[in-house]
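Undergrad: compute the structure for the input listed below.
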Amino acid sequence: MLIRLSVLDDIHVELDQANLAWDATSLDGEHVNEVHVNAPVDPLESLILQVDTLPDSKAADYVDHITRSILRMSLKRVVHIKEQIQG
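TA: Numbering: from 1, shown residues only. Purely as a prediction, here's the structure:
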């Protein structure tokens, strides 16, 4: 995950843009959602942030999942940067 976060940093620095997106499907009776970031390069590069089952397919379920995915990624990156600074 930390290597992927560094890649996400590189994407942001080099391109100054990225697209947050998600895709959902039903699998074995469960509603599964995947949150990812796309970098607008050729060929297209994607970084999967999180895949999880949702209780339903309502907008609130997606908002919660996307928010948790971004928060989780951000917290992991902060911890990693703090460890680098402290040596």
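
Undergrad: could you pull out the strands for the protein?
TA: Ranges of strands in the chain, per DSSP state E, are 19-27, 30-39, 45-54.

Undergrad: run a quick neighbour tally on the nearest residue to Asn38 once chain neighbours are set aside.
TA: Once flanking residues are discounted, Asn38 sits nearest to Asn19: 4.4 Å by CB to CB, 6 or more residues apart in numbering. In short, each C-beta sits where N, CA and C put it, glycine included. The number of residues packed near Asn19 is 11, by other CB atoms under 10 Å.

Undergrad: so where's this structure uncertain?
TA: Low-confidence segments of the chain, defined by pLDDT under 70: 1-16.

Undergrad: related to what we said a few turns ago, quick check: the residue nearest to Asn38 vs His65, distance?
TA: 17 Å (CB to CB, to the nearest Å).

Undergrad: and what of Ala24?
TA: Using CB to CB, we find Ala24 at a distance of 9 Å from His65.

Undergrad: who's more crowded, those two?
TA: Under the criterion of other CB under 10 Å, the comparison of Ala24 against His65 puts His65 first, with 22 against 15.

Undergrad: residues in contact with the more buried one?
TA: Applying CB atoms under 8 Å, 6 or more residues apart in numbering to His65 gives the contacts 22, 33, 35, 50, 52, 54.

Undergrad: ok, Pro55 touching Asp64?
TA: No: under the criterion of CB atoms under 8 Å, Pro55 is not in contact with Asp64, lying 9.1 Å apart.

Undergrad: which of those two has more neighbours?
TA: Between Pro55 and Asp64, Asp64 has the larger neighbour count (other CB under 10 Å), namely 14 against 11.

Undergrad: how about the contacts made by that one?
TA: Applying CB under 8 Å, 6+ apart to Asp64 gives no contacts.

Undergrad: center of the chain - which residue?
TA: With distances taken as CA atoms, centre = their mean, the chain has Leu49 as the residue nearest its mean C-alpha position (2.6 Å).

Undergrad: pretty sure that one is touching Asp23, no?
TA: No: in this structure Leu49 lies outside contact range of Asp23 using CB under 8 Å: 11.9 Å.

Undergrad: got any residues that touch both of the two?
TA: Listed as contacting both Leu49 and Asp23 by CB under 8 Å, 6+ apart are His36.
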